[in-house]
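1. Predicted model and sequence below, questions to follow.
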2 protein chains.
Amino acid sequence: MEDREISRAVIGRLPRYYRYLGELLDEGVERISSSDLSKKMHVTASQIRQDLNNFGGFGQQGYGYNVKYLHTEIGKILGLSHTHNIIIIGAGNLGQALANYGGFEKSGFILKGIFDVNPRLEGVTIRGIPIRRMDELRSFIRHHEIEIAALTIPKSKAVEVADILVEGGIQGIWNFAHTDLILPENVIVESVHLADSLLKLSYNISSYNHESEK
Amino acid sequence: MEDREISRAVIGRLPRYYRYLGELLDEGVERISSSDLSKKMHVTASQIRQDLNNFGGFGQQGYGYNVKYLHTEIGKILGLSHTHNIIIIGAGNLGQALANYGGFEKSGFILKGIFDVNPRLEGVTIRGIPIRRMDELRSFIRHHEIEIAALTIPKSKAVEVADILVEGGIQGIWNFAHTDLILPENVIVESVHLADSLLKLSYNISSYNHESEK
């Protein structure tokens, strides 16, 4: 594959392509035309062709896309050609929800440990994985080659824990704490701000009602 | 306030302004200059001025922004000048995490009910709210003027339940199911695709490592 710059907008759409192609694979579909994929994904066929052309000629005139091949190639671009060791910090409801979601392992994200600030939870297991104390965190990251930490703790603790993760050598933080983490550029942060998302929904409802009243 | 078109990009940034202003309020800060707000939020002062100018002259030369006023005005734009009745469908870990998060009530999202497809959960309470059976859903939406439903159920059930919500007259769906919901345009959908977000993190880590090796 050519090594060229891919736009941020295309990158942002890749996980969705990967998801739809994965569903097609599960349904046993071997190939699909860009127009059928377009109907399924509710984007234009020309958008799909343009996006996927960024990665060389996956599609063939009159044949369409080979689902398995395209799924694998997009997976490689997304960094899924090797597995990623992951830990969860915060064993509350949200941490447990992530721990119990099997879909991540299917994509190669291997849950290696769960940590919580509450020492009373030490040794309690989730899906067979014991909850550990925070003072083990730094050495655990090194010894188990942990790449990603999901942070499902309140914002009051998030900055302090993020600093420990950075010192431990973490590569990425999947941040659910309701705060922005400002970290060195070699640590990638992807934040899921649930409250921001609910406010966007609220805005769109108000805005729709406002338009309808005009 | 003038009734003019506000760009999608500005709208997308509003929840973050609202969050930072809320934090300043909690800290007892009454006013802030655009340059101080800029340092706090890690965006340029000119971006802040441009964004907030969309809503009329909140800022005053030599004074800065009145935190409480700006927070209230942005809240109005986000549809927070009235409360929103919300239900959660799916009483698993993720549904419970949402139910237990008090921050939503603070912003005026009032949790009125929790539903689950598992009839054995009927009557179990979360934060004092009993879990109800799905066959009560449609009438509950009407009788309790429910505006928003958070959907924290597996994708296999999501489409079917979304149809019931639409028939019941729901205005917005906060969708956590790992699928895109295609609904009539009067029902606003805001999706939180956790797996897509994890793939974006994975892409950014791979891409950073790839750049560093060059």
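-> Noted; the coordinates are in hand.
2. which intervals of chain A have sub-threshold pLDDT?
-> A:1-5, A:55-61, A:214 (pLDDT under 70).
3. For it, just list every one of the helices.
-> Here chain A has its helices, by DSSP state H, at A:8-26, A:34-41, A:45-53, A:67-77, A:93-100, A:103-106, A:137-143, A:155-168, A:194-213.
4. Next one: A:E105 relative to A:A99, how far apart?
-> Applying C-beta to C-beta, to the nearest Å, the value for A:E105 to A:A99 is 11 Å. Quick note: C-beta positions are derived from backbone N, CA and C, even for glycine.
5. Show me which of the two is the more surrounded one.
-> Neighbour count, other C-beta atoms under 10 Å in any protein chain shown: between A:E105 and A:A99, A:A99 has more, with 21 against 13.
6. Quick one: residues contacting the more buried one.
-> The contact partners of A:A99, taken as C-beta atoms under 8 Å, 6 or more residues apart in numbering or on different chains, are A:88, A:91, A:111, A:114, A:126-127, A:129.
7. Which residue, other than its chain neighbours, is closest to A:M41?
-> Residue nearest to A:M41 in three dimensions, not counting chain neighbours: A:Y20, with 5.5 Å by C-beta to C-beta, 6 or more residues apart in numbering or on different chains.
8. Let me have the contacts of A:A99 in TSV, extended by distance to chain B and neighbour count.
-> Converted to TSV, the contacts of A:A99 look like this (distance: C-beta to the nearest C-beta, whole Å; neighbours: other C-beta atoms under 10 Å in any protein chain shown):
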residue	distance to chain B	neighbour count
A:I88	12	29
A:A91	11	22
A:L111	12	21
A:I114	13	25
A:I126	10	18
A:R127	12	12
A:I129	15	16
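9. Deepest-packed of the helices of chain A, please.
-> Of the helices of chain A, the one with the most neighbours on average (mean count of other C-beta atoms under 10 Å in any protein chain shown) is helix A:93-100, at a mean of 21.
10. domain ranges for chain A?
-> With domains defined by the TED database, chain A comprises A:8-77, A:84-195.
11. Tell me the spacing between the nearest residue to A:I173 once chain neighbours are set aside and B:L201.
-> Using C-beta to C-beta, 6+ apart and skipping the chain neighbours, the partner closest in space to A:I173 is A:V189 (5.0 Å). According to C-beta to C-beta, A:V189 stands 8 Å off from B:L201.
12. Count the residues that sit near the closest residue to A:S33 other than its chain neighbours.
-> Nearest non-adjacent residue to A:S33, counting by C-beta to C-beta, 6+ apart: A:G64, 3.9 Å away. Here the count is done by other C-beta under 10 Å, and A:G64 has 18 residues near it.
13. doesn't A:V29 make contact with A:G64?
-> No. A:G64 is beyond contact range of A:V29, at 10.3 Å (criterion: C-beta atoms under 8 Å).
14. so who does A:N175 touch?
-> Counting by C-beta under 8 Å, 6+ apart, the residues that A:N175 touches are A:151, A:158, A:162, A:181, A:189-192.
15. what residues are up against the nearest residue to A:G103 once chain neighbours are set aside?
-> Closest residue in space to A:G103, ignoring its immediate chain neighbours: B:A195 at 5.8 Å, by C-beta to C-beta, 6+ apart. Contact partners of B:A195, counting by C-beta under 8 Å, 6+ apart, are A:15, A:19, A:103-104, A:107, B:178.
16. Closest to B:S33 out of these?
-> For the contacts of B:A195, the closest approach to B:S33 (C-beta to C-beta) belongs to A:P15, at 38.8 Å.
17. for chain A, longest strand please?
-> As assigned by DSSP state E, the longest strand anywhere in chain A is strand A:109-116.
18. what's that strand in contact with?
-> With C-beta under 8 Å, 6+ apart as the test, strand A:109-116 has contacts from A:83-92, A:95, A:99, A:104-105, A:122, A:126-127, A:129-134, A:136-137, A:140, A:144, A:146, A:148, B:198, B:202.
19. Pull the contacting residues for A:V117.
-> A:90, A:134, A:153, A:157.
20. how about a cut-off of 7 Å?
-> A:V117 sits next to A:134, A:153, A:157 when contact means C-beta atoms under 7 Å, 6 or more residues apart in numbering or on different chains.
21. And the nearest residue in space to A:H42 that is not next to it in sequence, its phi and psi?
-> In space, and not counting its chain neighbours, A:H42 is closest to B:I182: 6.4 Å by C-beta to C-beta, 6+ apart. Backbone torsions for B:I182, taken as degrees, to the nearest 10, come to phi -110, psi 110.
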